[in-house]
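Participant: Pasting the sequence and the predicted coordinates here, then a few questions.
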Amino acid sequence: MARGLFLSPHTKTSSHFLFQNSIFVPSTLSKLLYYPSSSSSSLRLLCSSCNQENVPIDMSVYSETFAKRMAMVGLKSHHSIVLGVSGGPDSMALCVLTAAWKTNSLGIAAQKNEFVDGLLAVIVDHGLRVESKDEAHLVHRRVTSMGIECEIACCEWSEGKPKQGHLQEAARQKRYEILQSACIRHQIGVLMTAHHADDQAELFILRLSRNSGVLGLAGMASVSQLFPTCPDLSTEASSSGLLLVRPLLEFSKEDMYKTCIGANLEWVEDPTNRNALFARNRIRMMLTDLASPVFRSELQALIAACRRTRLHVDKICSNLMHQAVTIMPEGYAVIDLGILSPSELKDIVLSKFIALLLQFVSQRQIPVRGSASKLLLDYIRTSPCKTAVTASGCYLCPAPGSKGTKVLVCCSAGADLTLELLNPYSTEGNNSAISNEVEQIIANGRSYSDQFPQITLGRQFLDLTSSDSILAEAKREGILGESTYKSIISLQREETDNFKSKTNIMLENKVEHKVEYTASAPNKVLHPEKVGYFMNRFILKWNLKQTAYTSFSMNNSSELKDFGEERWNFCNSCVLGDDRVARIRCMVDADWLYLAILSKREDSSSVHREELSLSMESRVTSNINLCSAYTQKSAEKALVLLKSIPVAARRALPVLVNMDGLLLSIPRVGFQHCPCLVASATFKPKVPLGGGYSSFL
């Protein structure tokens with residue numbers, strides 16, 4: 001096996017190094033340039049692409065495979081693309097292959113001193129090492145010399161740099177945030193990364209050690225949708241988000257090196273990739289010791305079989321979502337059990353279906369697992385449905401009037417309340433062009449996948465519930481040989497032991513991390529003319545109209561309140577105070593009772609007496625001055641609309657209250673406490689039903 005060079009963490013100066021197996025570099029690599037740093041543990045290796053043996057590398061093979069993968073995901077050469085670039089051999093190979101695919105020639109743009117049209121490389125400087133800034137500029141020069149426009153984005157760790165044990169995870173999350181931001185800023189709908197077959201193998205072993213099922217073992221998708229944190233306020237329709245494309249999943253790590261060598265490129269090796277503290281690094285080094293052609297081929301064949309199974313399950317779930325689920329504008333879902341026929345579905349399909357639906361309703365990305373998944377399977381399969389259950393931030397119960405043949409899925413009243421303030425001008429009009437292009441690419445990808453019958457082959461693992469049974473079945477089917485089977489079992493056990501040891505340490509230190517989450521609790525206060533995003537589901541706005549009172553006026557309604565240069569008329573019943581702010585919460589049963597009282601009373605004093613009888617600490621106790629006629633009419637209309645909404649679903653509706661807790665508005669049903677107050681709540685979930693488009697071809 002070919003050996004690689006890296007600088008030892010024990011080296012005192014840059015003139016000493018060790019030969020190790022932890023970085024695989026082909027023997028054709030002969031020139032190594034060292035990038036010194038102030039810390040011996042973070043020395044950076046800059047590798048050149050000299051080919052001492054003059055071994056010819058047929059770049060056309062890589063270019064043809066790359067072009068095929070791009071066609072499979074629906075991309076054409078005129079589409080604009082953002083490349084995530086680190087400077088390693090993977091991302092540098094991605095750069096050269098993408099540029100060649102766009103121009104149909106290696107280096108044609110660089111030869112003309114031009115940039116490849118519609119191609120932008122983004123280098124993320126995490127700022128976690130002293131030398132990272134200089135390295136980012138070094139990579140920037142390399143990428144621009146290839147004819148690719150490039151920019152550097154620096155991470156800002158406002159809450160402090162991540163701790164060592166969480167460094168890779170935190171860096172990954174920050175990196176994707178920055179890359180998505182670059183896509184939106186440049187109005188580019190496609191983000192491309194350089195994940196390859198060896199990364200897929202590492203993820204397989206990692207998930208195997210966590211006892212993932214076949215859906216998890218399928219690994220990374222070739223293409224999937226990413227959705228921005230902030231919704232597009234310029235359109236009522238949901239945004240298509242961005243596409244994350246991984247066109248190198250058929251390429252090995254060795255292919256990455258050979259591509260760089262064939263294109264005469266230099267790259268750098270990241271020293272953190274050797275740190276055994278991180279699970280992926282440990283697995284990478286273990287896999288290197290087993291890197292025989294047979295082992296690699298059989299492992300990739302098993303991953304491909306898992307991917308076909310996942311693709312099959314995803315298609316079934318997608319059809320069921322369209323046929324058996326109705327999404328209501330108040331944010332809840334209705335499952336028609338007659339159409340779903342849960343008793344006829346395999347566990348793996350029904351579990352995935354339920355998980356996707358609950359993730360949509362709750363807008364949480366944490367999947368349903370373990371005992372909760374089994375509980376939900378049993379619940380959905382009980383017909384007719386007669387009870388209620390709470391799981392994964394959702395409340396499930398029989399739909400009123402359905403006699404248990406339909407199930408409501410509502411956001412749980414006990415769910416974590418979040419309110420994110422949005423800039424109404426930051427995304428206006430920015431995402432419409434992106435959405436149109438993304439939708440076209442998705443349509444192209446689906447059209448391509450429909451041409452292939454291999455989807456029907458992905459059924460061999462449908463009845464298997466554990467990772468051990470999947471390995472055993474793969475061995476029985478001849479996908480894995482005896483030697484590869486034993487090697488994978490050995491890797492699984494070793495990493496499982498490492499995971500258990502790390503878990504025990506984390507449990508021992510659990511108390512130390514409790515404080516980190518309390519300080520960042522969101523403030524659920526919304527000022528007029530501001531835009532809030534409530535629980536990743538509702539866009540909220542409210543304002544006070546600058547208008548004179550009409551026939552709804554009451555005693556003191558002519559009183560003028562002076563705010564700066566403008567003079568506002570507003571009702572004292574709002575009790576907003578000089579700061580004019582409202583709090584946001586979910587609807588409670590007392591709000592329904594309060595509306596019933598308002599709809600029947602015309603005199604303010606009697607309403608106040610009824611309010612006190614509710615025994616709610618948040619109700620104000622004096623100076624209630626209602627615009628009686630308006631409030632009564634508004635409450636009556638709201639009650640009519642509320643009757644059409646199941647009680648369980650009402651509890652997830654957003655309401656506005658003043659600082660003392662007095663109900664001001666329930667926007668979804670049109671209730672406003674006075675004519676000066678105007679509020680709206682638009683249901684616009686961050687992630688669409690089904691979690692967005694993905695392809696495991």
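Facilitator: Done, it's in. Numbers count the residues shown, from 1 in each chain.

Participant: so where's the stretch 51-200 of the chain shaky on pLDDT?
Facilitator: Along the stretch 51-200 of the chain, the model assigns pLDDT under 70 to residues 51-55, 105-112, 164-165.

Participant: Tell me where it has strands.
Facilitator: With DSSP state E, counting those that start in this stretch, the ranges of strands along the stretch 51-200 of the chain come out as 81-85, 119-125, 149-154, 190-192.

Participant: Then the stretch 551-697 of the chain?
Facilitator: So, for the stretch 551-697 of the chain - with DSSP E, counting those that start in this stretch - the strands run 561-563, 566-568, 582-586, 654-657, 663-666, 671-672, 677-683, 694-695.

Participant: Quick one, which of the ones you listed gets closest to Ala279.
Facilitator: Evaluated with CB to CB, the strands of the stretch 551-697 of the chain place strand 694-695 nearest to Ala279, the distance being 23.8 Å. Every C-beta, even on glycine, is put in place using the N, C-alpha and C of the backbone.

Participant: Switch the strands of the stretch 51-200 of the chain over to TSV; also include distance to Ser392 and mean neighbour count.
Facilitator: Output for the strands of the stretch 51-200 of the chain, formatted as TSV (distance: least, CB to CB, whole Å; neighbours: other CB atoms under 10 Å):
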stretch	distance to Ser392	mean neighbour count
strand 81-85	31	24
strand 119-125	32	23
strand 149-154	34	17
strand 190-192	28	23
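
Participant: Kindly reformat those strands as a markdown table and extend each row with distance to Leu677.
Facilitator: Listed next are these as a markdown table, based on distance: least, CB to CB, whole Å:
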| stretch | distance to Leu677 |
| --- | --- |
| strand 81-85 | 43 |
| strand 119-125 | 44 |
| strand 149-154 | 42 |
| strand 190-192 | 42 |
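
Participant: Could you give the separation of stretch 472-481 from the chain centroid?
Facilitator: 34 Å (CA atoms, centre = their mean, to the nearest Å).

Participant: Next: stretch 408-425.
Facilitator: For stretch 408-425, the distance to the chain centre is 16 Å (CA atoms, centre = their mean).

Participant: same check, this time on stretch 325-345
Facilitator: 24 Å.

Participant: how about that stretch: buried residues?
Facilitator: Buried positions in stretch 325-345, judged by neighbour count with 16 or more other CB atoms under 10 Å: 325, 327, 330-337, 340, 342, 345.

Participant: Output the longest helix belonging to the chain.
Facilitator: helix 293-324 (DSSP state H).

Participant: Tell me which other helices or strands the helix or strand following that one touches.
Facilitator: As assigned by DSSP states H and E, the chain's next helix or strand after helix 293-324 is strand 325-327. Counting by 3 or more CB pairs under 8 Å, 6 or more residues apart in numbering; DSSP states H and E, the packing neighbours recorded for strand 325-327 are strand 333-336.

Participant: Straight-line length of stretch 113-131, end to end?
Facilitator: 29 Å (CA to CA, to the nearest Å).

Participant: can you give me the offset of that stretch from its chain's centre?
Facilitator: The chain centroid and the centroid of stretch 113-131 are separated by 23 Å under CA atoms, centre = their mean.

Participant: buried residues in the host helix or strand of Ile283?
Facilitator: Secondary structure from DSSP H and E places Ile283 in helix 279-288. The neighbour-count check on helix 279-288 (16+ other CB under 10 Å) flags 279, 281-288 as buried.

Participant: quick one, the longest helix of the chain and helix 279-288 angle?
Facilitator: Relative orientation of helix 293-324 and helix 279-288, computed by axes from the mean of the first three to the mean of the last three CA atoms, to 10 degrees: 130 degrees.

Participant: before we move on, back to that, just the buried residues of helix 279-288 now: which is nearest Ala301?
Facilitator: Distances from Ala301 to the buried residues of helix 279-288, taken by CB to CB, are shortest for Leu287, at 15.6 Å.

Participant: how many neighbours does the closest residue to that closest one other than its chain neighbours have?
Facilitator: Distances taken as CB to CB, 6 or more residues apart in numbering place Ala201 nearest to Leu287, at 6.0 Å, with adjacent residues excluded. Neighbourhood size, Ala201 [other CB atoms under 10 Å]: 26.

Participant: ditto for Thr193
Facilitator: Thr193: 23 surrounding residues under other CB under 10 Å.

Participant: Ignoring the adjacent residues along the chain, who's closest to it?
Facilitator: Of all residues not flanking Thr193 in the chain, Gly84 sits nearest, at 4.8 Å (CB to CB, 6+ apart).

Participant: try Arg69
Facilitator: Using CB to CB, 6+ apart, the closest residue to Arg69 is Pro247 (4.2 Å).

Participant: Please report how far the one you found lies from Cys397.
Facilitator: 45 Å (CB to CB, to the nearest Å).

Participant: Name the residue in these two with the higher neighbour count.
Facilitator: Pro247 (28 against 20).

Participant: hang on, isn't the more buried one packed against Ala197?
Facilitator: No - Pro247 is not in contact with Ala197 according to CB atoms under 8 Å; the separation is 12.0 Å.

Participant: Next one, pLDDT for Asp578 please.
Facilitator: For Asp578, the pLDDT comes out at 64.

Participant: now swap in Asn555 and tell me
Facilitator: 41.

Participant: Next: Asn569.
Facilitator: With respect to pLDDT, Asn569 scores 49.

Participant: again, but for Gln460
Facilitator: The model's pLDDT for Gln460 equals 81.

Participant: quick one: the residue lying closest to Gly445 once chain neighbours are set aside from Phe671, how far?
Facilitator: Distance criterion CB to CB, 6+ apart; nearest residue to Gly445, sequence neighbours excluded, is Gly74 at 3.3 Å. Taking CB to CB as the measure, Gly74 falls 46 Å from Phe671.

Participant: Tell me which of these two has more neighbours.
Facilitator: Taking other CB under 10 Å, Gly74 and Phe671 do not tie; Phe671 has more neighbours (27 against 24).
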